[in-house]
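*Asks:* what's the 3D shape of this:
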Amino acid sequence: MSVSIVQYFGEQNSKCGYCSGTNCSRSHGMHAYRLSCDDYQELIDRGWRRCGNYCYKPQNDVTCCPCYTIKSDALEFKLSKSNKRILRRMNKFLRDGKRETGESQTSKNGDGGDVEIGDNASELQPQLPDKKPSVIDVDHVENLAQSRAAQEKMIKTIETLEPKPGDDDQSASSNSSNKFSNSNPPRKKAKQMRLERRQAKLGTSLEQSQTKKMPQEKSLRDFLSAASETDKYKLKLTLVPVHGAEFERTLSQSYKLYEKYQIAIHNDPPKNQEAYKEHLKFSPMKHQKNEDGPEMGYGSFHQQYWLNDKLIAVGVIDILPGSVSSVYFFYDPDYSFLSLGTYGSLREIDLVQTIAKRVPALKYYYMGFYIHSCPKMRYKGKLSASYLLCPETYVWLPLTDDIRNKLDAKKYQRLNPAATDKDVNEFLNQHLNDVQLLLDARTCITYQRFIQMVGGFGERESIIEYCKLVGKVCAHRMVYVNMS
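*Replies:* Residues are numbered from 1 along each chain as shown. This is a model prediction of the structure:
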């Protein structure tokens, strides 16, 4: 398993891409040399988000435009009338190649949602800090951390195997109680039994009768499976790992598409191909495959949309243990009439639904940030089964009209109505001793050990701030680079 290695940059102030305010967007940032997919899942569940190797967490209580992490439960997702209309339009275009007239045209901004053509959404990527991360040998540091973790695990295993007083008595008591644990199952209620007998007389089960009454609604997969051999156009989706050879083979085409999109939609041409790669190729996550994981593995990918042999759209995504997280989306403006933004979101939801059949825990689609104070950024809340993350307790709450009304009244809200609820993953000062520090190319030790060696430490408050932001779990698993 990969070891996460980060360097904390502290508080960042920059121009806001939503309200265009000067130096009013506030966040905390860090450079991620490497992140395990598990740790990044933990981080986005605490309001973090990445752009390349840079990770940032908005200071929602003080920033100009609070950003609430939003996700949709793909297994509970229901198609809206608008969704179905977009799917039918795409299928018709693939079938006969004709563009519908009189349809309202929408496009997708870079962070994943629909805006009217001509109403260019602001660039939503964060302004990267001027500070450069320390230069380290990432693989060497990972080996250092893994060796230290293995030693600690061995010590804990030995401690666990040592017998404790009273263990035998407790085991005997447990075995005795188990003799009586498998008692007869509870009897069915009389009403349920009568209903089952009635259904048996009719020659049908209760489930079958309910199925007959409820007509089956056409699913997302049904719409996406409508392709035919006689179609004029073939739309093919390929999932390309960003660290693989196929990405490099198609790099020229994807960069040209990105450049065309940035100029036409955002009037913001990229500097060069290297800037594109820094933004949308570089990722702190390795491509990893597990036996019980998704077939394509975990990590960062480009989902490429090929219309015959032409690349018309790219969805940049991270596949994580509990979700597919949308990083960016860009497309050929010549095909804006197909509402490729929304179509791309539906395709990414379909990807989650497909993976969930093999990995049930991976059932969420993360759309990034929901910015209620910016009206043209509210589109993300239109997907069904959507949830917002409470910025204080880090629990998920359904995005309801009640929450929307609260955000109308005041742009920053705790969201969680339970006043006594606290962050269950809260980092406290007493947890500081187990934080891992990288001091130089050869020294990776715990904070406790470091203090024993050198005494006082001027970076203590900065480390505590970082730990509180990433939470106790990540604060103990990730390596904090402190080589200043």
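*Asks:* which residues does residue 22 contact?
*Replies:* residue 15 (Cβ atoms under 8 Å, 6 or more residues apart in numbering). Every C-beta, even on glycine, is put in place using the N, C-alpha and C of the backbone.
*Asks:* quick check: phi and psi at it.
*Replies:* Residue 22 adopts backbone torsions of phi -90, psi 120, taken as degrees, to the nearest 10.
*Asks:* let me see the ranges of the helices in the stretch 1-150 of the chain.
*Replies:* With DSSP state H, counting those that start in this stretch as the criterion, the stretch 1-150 of the chain has helices at 37-44, 81-96, 138-161.
*Asks:* so what secondary structure elements neighbour the shortest one?
*Replies:* Pointing back at helix 37-44 there. strand 310-320, strand 323-331, helix 460-477 (3 or more Cβ pairs under 8 Å, 6 or more residues apart in numbering; DSSP states H and E).
*Asks:* from the chain's centre, how far out does the longest one sit?
*Replies:* Pointing back at helix 460-477 there. Computed by Cα atoms, centre = their mean, to the nearest Å, the chain-centroid distance of helix 460-477 equals 21 Å.
*Asks:* which other residues reach that helix?
*Replies:* For helix 460-477, using Cβ under 8 Å, 6+ apart, the contacting residues are 3-4, 8, 10, 28, 30, 36, 39, 42-43, 46, 48, 57, 394, 423, 425-429, 431-432, 434-437, 447, 478, 480, 482.
*Asks:* residue 426 - how many residues pack around it?
*Replies:* 13 (other Cβ atoms under 10 Å).
*Asks:* ranking the helices and strands packed on helix 37-44 by burial, who's on top?
*Replies:* Ranked by mean neighbour count, the helices and strands packed on helix 37-44 are led by strand 323-331 with a mean of 24 (mean count of other Cβ atoms under 10 Å).
*Asks:* next structured bit after it?
*Replies:* Per DSSP states H and E, the first helix or strand lying C-terminal to strand 323-331 is helix 340-356.
*Asks:* re earlier: nearest to residue 365, of the helices and strands packed on helix 37-44?
*Replies:* strand 323-331 (5.6 Å; Cβ to Cβ).
*Asks:* in the stretch 1-150 of the chain, which spans are strands?
*Replies:* 5-14, 25-34, 49-51, 54-58, 68-73, 106-108, 114-116 (DSSP state E, counting those that start in this stretch).
*Asks:* tabulate these in TSV, adding columns for mean neighbour count.
*Replies:* Output for the strands of the stretch 1-150 of the chain, formatted as TSV (neighbours: other Cβ atoms under 10 Å):
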stretch	mean neighbour count
strand 5-14	19
strand 25-34	22
strand 49-51	22
strand 54-58	23
strand 68-73	24
strand 106-108	24
strand 114-116	17
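*Asks:* make TSV out of these and add distance to residue 300 and mean pLDDT.
*Replies:* As requested, the strands of the stretch 1-150 of the chain are arranged in TSV below (distance: least, Cβ to Cβ, whole Å; pLDDT from 0 to 100):
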stretch	distance to residue 300	mean pLDDT
strand 5-14	17	96
strand 25-34	12	97
strand 49-51	9	96
strand 54-58	13	97
strand 68-73	18	98
strand 106-108	20	46
strand 114-116	24	39
